[in-house]
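In: below is the structure, and that's it, no one-letter string:
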């Protein structure tokens, strides 16, 4: 008999425990009347069908992140140019913007990846996609006028607080928060390790080039895997094992 | 009146295969029935993705069978079409029939087979 081991484990991780076991059982049963290579070809084809959407979502999210890195320097120059003039227009929003800006920037940074990933992996109507979309809209004014950073921060705080107190949105908030935390933690750790091993400054690594780009892609891939696993556990309906589902 | 769910082509094929197989509809037999009747070699992954999408729409339900040695001790997952699934299938097939009327696209014998298929789906929906 064929050793299941890793292949079945992968199928269960990809399709869910029940479905993975059933698909692997079907492949095993069908392979009994066919040659040995058939099983692995059918297995590869099945894995491709089950994972293509995730892979496409990841590539699109990566492209979105790349586009943001292209926009960011232009935006930063624009902000510096207008900051001084607008500071006088509204002192209160100016101060608030300076304090909240970096956090808002970090949230927005994560959403450039998380929103397209959720949209293509789980669909437009999914709870995580809708939550990430609303949060993205709240952070979007960040990219326009300096004084709007304060407005955007206030809007983002309201959305996050609303999600935290809502039983419907809390889980989507948790999935998004953990996904972003994993991505940030891994990329920070990877850059630190790279900097230490090469004896270079942490800040000299660019996420858009060379080994920095590889580290960032690896971190985002892990974050996307965590996001999928949490989404399956927290946001998809759980059905009892071994019974007919009405 | 309840909303009728619209079905894609492969969803209709899978539902018809499940109805034809009755109590013995699970991955291997469904794929075999589809291959035999349509000449289409779908992968188990595509089949289960479609079945689970239809389960989310309450068009089919699953029940686990007993583990068998030829499956390496893994249980079969049998599929049953629900009332909603039958309604959706009957509605989709009736729409096809309505659109086909008067077009004279199919040879006589194929029209007859098509009518039998539609009749089967519609009868199945109200069985």
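Out: Nice, thanks for sending it over. Bear in mind that the values here come from a model prediction, so they are computed numbers and not experimental data.
In: quick one: average pLDDT of stretch A:41-49?
Out: Summarised as a single mean, pLDDT over stretch A:41-49 is 90.
In: right, is the helix or strand of chain A with the lowest mean pLDDT up against chain B?
Out: Counting by mean pLDDT, DSSP states H and E, chain A has its least confident helix or strand at helix A:36-89, which shows a mean of 80. Yes - with C-beta under 8 Å from any C-beta of the partner chain as the threshold, helix A:36-89 lies in contact with chain B, specifically through A:42, A:45, A:46, A:47, A:48, A:49, A:50. Quick note: C-beta positions are derived from backbone N, CA and C, even for glycine.
In: for the fourth one, list the residues it contacts.
Out: What it means is residue A:47. By C-beta atoms under 8 Å, 6 or more residues apart in numbering or on different chains, residue A:47 lies in contact with A:10, A:11, A:14, B:45.
In: pull the most distant pair out of these.
Out: Set against one another by C-beta to C-beta, the contacts of residue A:47 have their most distant pair in A:10 and B:45, with a gap of 12.2 Å.
In: between those two, which is the more surrounded one?
Out: Higher neighbour count among residue A:10 and residue B:45: residue B:45, with 26 against 16, using other C-beta atoms under 10 Å in any protein chain shown.
In: which residues are in contact with whichever helix or strand that one is part of?
Out: In the assignment (DSSP states H and E), residue B:45 maps to helix B:44-56. With contacts defined as C-beta under 8 Å, 6+ apart, helix B:44-56 is touched by A:15, A:19, A:22-23, A:26-27, A:30, A:42, A:45-50, A:237, A:245, B:10-11, B:14-15, B:27, B:30-31, B:34, B:60-62, B:79, B:85.
In: next SSE after that helix?
Out: Elements were assigned by DSSP H and E; along the chain past helix B:44-56, the next helix or strand is strand B:60-68.
In: which PyMOL command selects the buried ones in the contacts of helix B:44-56?
Out: The following PyMOL command selects only the buried members of the contacts of helix B:44-56, with burial defined by 16 or more other C-beta atoms under 10 Å in any protein chain shown:
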select buried, (chain A and resi 15+19+22+23+26+27+30+42+45+46+47+49+50) or (chain B and resi 10+11+14+15+27+30+31+34+60+61+62+79+85)
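In: which pLDDT value belongs to the residue of chain A most remote from its centre?
Out: When distances are taken from the C-alpha mean of chain A, residue A:33 lies farthest, 42.3 Å away, according to C-alpha atoms, centre = their mean. Among the per-residue scores, residue A:33 holds a pLDDT of 84.
In: many thanks, we can stop here.
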